[in-house]
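A.B. asks: Attaching a predicted model along with its sequence, questions to come.
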Amino acid sequence: MRAALVGVDFGQGDFAASVEELQLLARSAGADPVTTITAKRSSPDAAYFVGSGKADEIGLSVLDHGVEIVIFNHALSPAQQRNLEKRLNIRVLDRTSLILDIFAQRAKSHEGKLQVELAQLQHLATRLIRGWTHLERQKGGIGLRGPGETQLETDRRLIGERVKALRARLDKLRKQHETQRRARGRSQTFSVSLVGYTNAGKSTLFNAVTKAGVYVADQLFATLDTTSRRVYMGQDVGNVVISDTVGFVRELPHQLVAAFRATLEETIHADLLLHVVDASSPSRMEQIEQVNLVLKEIGADHIPQILVWNKIDAAGLEPLVERNEEGGLSRVFISAHTGAGLDLLRDAIVESAKKAPGAQHLYTEGGGADLQREWQDWQSQQDQEQQDLQDQDLTDERDPDQADEAGGPDSIPTITHVGSH
Ligand SMILES: Nc1nc2c(ncn2[C@@H]2O[C@H](COP(=O)(O)OP(=O)(O)OP(=O)(O)O)[C@@H](O)[C@H]2O)c(=O)[nH]1
Ligand SMILES: [Mg+2]
């Protein structure tokens, strides 16, 4: 499906990287991005997110490139999405729906599928407005219409019921997990979760570490999900359970974070987080921040964390262990690909396991001088970019053409895409 991508630069973070990431996301969802339209604004336009002039520019681009779908790199309000679809006469997808769609395609387990459906319905519920014609057409369908109820109320009620049922089932699964976790006696086994931005190299590292262990249990724990493995870490520590997890992206939809809480349970209950970072990515600092935001959201921000600077082969760095002023581990430089530094990482895991529980060595509590400098540089760079944007004369016109909020029959929200697959 030929797609036009739209990114608006608000002067926050690395805009080019963010647009590049949208291209990856679009491709992951099965779209073929044929053109990218960018704009610079200080704040979103209420009616179209971009200004109406920009919207028309997108419209021309759609015609020029035979585009079938327009994908925004932002969360659009239901009204903005509707107005854009009306003006451009084409399906418009926002970033949240795009990510939800990728998750829907990837979800393999029963639980994963339930979680995605829940997230999709919750997202859909916010854009439910009058004129949901495909249900309208089935009007009179059995049980679809209660007496005196409008279609909208019926739709809301149906979604609400489904959401409730999904929540109940997920809750039950969560309790089962909890029981299993207790039965495993996880207090005896030190558990490590690999977390990090998508594409940081978590799975590569997971494979490298589980193979690199002196002893690797081939067999997967039935009670863990398929991405957890037991690795023998030597006499002092014994077995350690290592889990690979779902990657994070910036602006991970809130519904998705909530729905995936159960999947991320291994992360919440881990004794140590290896926060894997793509050291060769120019936006690594921003990615670290985004991952930490999600960790906070799922209540895993209190867990000791070691930053794993991965892909040093691509970044031109050497294997290294960096410590904070108190001598705690803060950063380990490795390449999951070449295997460089994996021995250092294994030592770091062993050291953490020996110190646990209690030893907090969150990099946020210091880190080496180099890391601190890197943070400061990045932050002042962010400040500067923000300042530059404010200094500019932003004359993107405001749009008075606020479309009717109630919506007529032609302002139908796009729901085919977010239905379950
Ligand atoms: N050059 C280099 N590439 C690496 C290294 N580690 C991983 N990669 C590459 O980075 C890409 C992403 O690796 P994955 O292991 O799938 O990343 P991930 O973090 O599991 O990604 P998600 O599952 O999408 O969150 C792959 O193309 C890997 O081959 C490394 O140390 N050096
Ligand atoms: Mg992975």
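C.D. replies: Ah, there it is. Numbering: from 1, shown residues only. Ligands and ions are numbered 1, 2, ... in the order given.
A.B. asks: Tell me the residues of the stretch 201-350 of the chain that contact ligand 2?
C.D. replies: With Cβ under 5 Å from the ion as the criterion, the stretch 201-350 of the chain meets ligand 2 at residues 202-203. For the C-beta atoms, the positions are set from N, CA and C on the backbone; glycine is no exception.
A.B. asks: burial of the residue of the stretch 201-350 of the chain found nearest ligand 1, as a residue count?
C.D. replies: Closest residue of the stretch 201-350 of the chain to ligand 1, Cβ to the nearest ligand atom: residue 247 (2.0 Å). Residues lying near residue 247 (other Cβ atoms under 10 Å) number 18.
A.B. asks: try the one 10 residues further on
C.D. replies: The number of residues packed around residue 257, counting by other Cβ under 10 Å, is 16.
A.B. asks: Spell out the secondary structure type for it.
C.D. replies: Of the three states, residue 257 takes helix according to DSSP: H, G, I helix; E, B strand; the rest coil.
A.B. asks: so where's the stretch 101-250 of the chain shaky on pLDDT?
C.D. replies: For the stretch 101-250 of the chain, applying pLDDT under 70 flags the ranges 128-151, 181, 184-188, 212-226.
A.B. asks: all helices of it, in order?
C.D. replies: 110-126, 133-137, 151-184, 202-212 (DSSP state H, counting those that start in this stretch).
A.B. asks: between those helices, which one is nearest to residue 11?
C.D. replies: Nearest to residue 11, of all these, is helix 110-126, at 27.3 Å by Cβ to Cβ.
A.B. asks: average pLDDT across stretch 305-316?
C.D. replies: Stretch 305-316 carries an average pLDDT of 96.
A.B. asks: That one spans what distance, first to last residue?
C.D. replies: One end of stretch 305-316 sits 24 Å from the other (Cα to Cα, to the nearest Å).
A.B. asks: got the residues of the stretch 151-300 of the chain near ligand 1?
C.D. replies: 196, 198-204, 247 (Cβ under 6 Å from any ligand atom).
A.B. asks: Would you show me how to pick out the buried ones of those residues in PyMOL?
C.D. replies: Selection of buried members from these for PyMOL, criterion 16 or more other Cβ atoms under 10 Å:
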select buried, resi 196+198+199+200+201+202+203+204+247
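A.B. asks: so which of the residues of the stretch 151-300 of the chain next to ligand 1 comes closest to ligand 2?
C.D. replies: The closest of those to ligand 2 turns out to be residue 203 (Cβ to the ion; 3.2 Å).
A.B. asks: Run through the residues that contact that closest one.
C.D. replies: residue 244 (Cβ atoms under 8 Å, 6 or more residues apart in numbering).
A.B. asks: ditto for residue 388
C.D. replies: Shown in contact with residue 388 (Cβ under 8 Å, 6+ apart): residue 11.
A.B. asks: Could you give the backbone dihedrals for residue 318?
C.D. replies: phi -110, psi 150 (degrees, to the nearest 10).
A.B. asks: try residue 317
C.D. replies: Per-residue torsions, residue 317: phi -120, psi 170 (degrees, to the nearest 10).
A.B. asks: Surely it is in contact with residue 333?
C.D. replies: Yes: if you go by Cβ atoms under 8 Å, residue 317 and residue 333 touch, sitting 5.5 Å apart.
A.B. asks: what sits opposite residue 248 in the beta ladder?
C.D. replies: According to DSSP bridges, the residues that bridge with residue 248 are residue 197.
A.B. asks: List the contacts of it.
C.D. replies: Counting by Cβ under 8 Å, 6+ apart, residue 248 touches 195-198, 290-291, 294.
A.B. asks: Check the gap between it and ligand 2 for me.
C.D. replies: 11 Å (Cβ to the ion, to the nearest Å).
A.B. asks: From residue 269, how far off is that residue?
C.D. replies: Here the criterion is Cβ to Cβ, to the nearest Å. By it, residue 248 lies 18 Å from residue 269.
A.B. asks: try residue 36
C.D. replies: Distance, residue 36 to residue 269, by Cβ to Cβ: 41 Å.
A.B. asks: Over to residue 305?
C.D. replies: The gap separating residue 305 from residue 269 is 15 Å, by Cβ to Cβ.
A.B. asks: and what of residue 201?
C.D. replies: From residue 201 across to residue 269, the span is 23 Å (Cβ to Cβ).
A.B. asks: Also residue 94?
C.D. replies: Counting by Cβ to Cβ - residue 94 and residue 269 are separated by 33 Å.
A.B. asks: Please say which of the two ends up with more neighbours.
C.D. replies: Using other Cβ under 10 Å, the more surrounded residue of residue 94 and residue 269 is residue 94, with 26 against 16.
A.B. asks: Could you report the separation of the more buried one from ligand 1?
C.D. replies: 21 Å (Cβ to the nearest ligand atom, to the nearest Å).
A.B. asks: Start the count at 17 instead of 1 going forward.
C.D. replies: All right, first residue 17 from here; so that's residue 110.
A.B. asks: tell me the contacts of that residue?
C.D. replies: So residue 110 contacts 87-88, 90-92, 97 (Cβ under 8 Å, 6+ apart).
A.B. asks: Apply 6 Å and report the result again.
C.D. replies: Counting by Cβ atoms under 6 Å, 6 or more residues apart in numbering, residue 110 makes contact with 88, 91-92.
A.B. asks: do the same with residue 310
C.D. replies: Contacts for residue 310 (Cβ under 6 Å, 6+ apart) come out as 264, 268.
A.B. asks: Next one, pLDDT for it please.
C.D. replies: For residue 310, the model assigns a pLDDT of 85.
A.B. asks: same question, residue 416
C.D. replies: Residue 416 is assigned a pLDDT of 43 by the prediction.
A.B. asks: The one 5 residues further on now?
C.D. replies: For residue 421, the pLDDT comes out at 40.
A.B. asks: how near is the nearest residue to residue 270 once chain neighbours are set aside to residue 271?
C.D. replies: Once flanking residues are discounted, residue 270 sits nearest to residue 313: 7.8 Å by Cβ to Cβ, 6 or more residues apart in numbering. Separation of residue 313 from residue 271 (Cβ to Cβ): 12 Å.
A.B. asks: Good, we can wrap up now.
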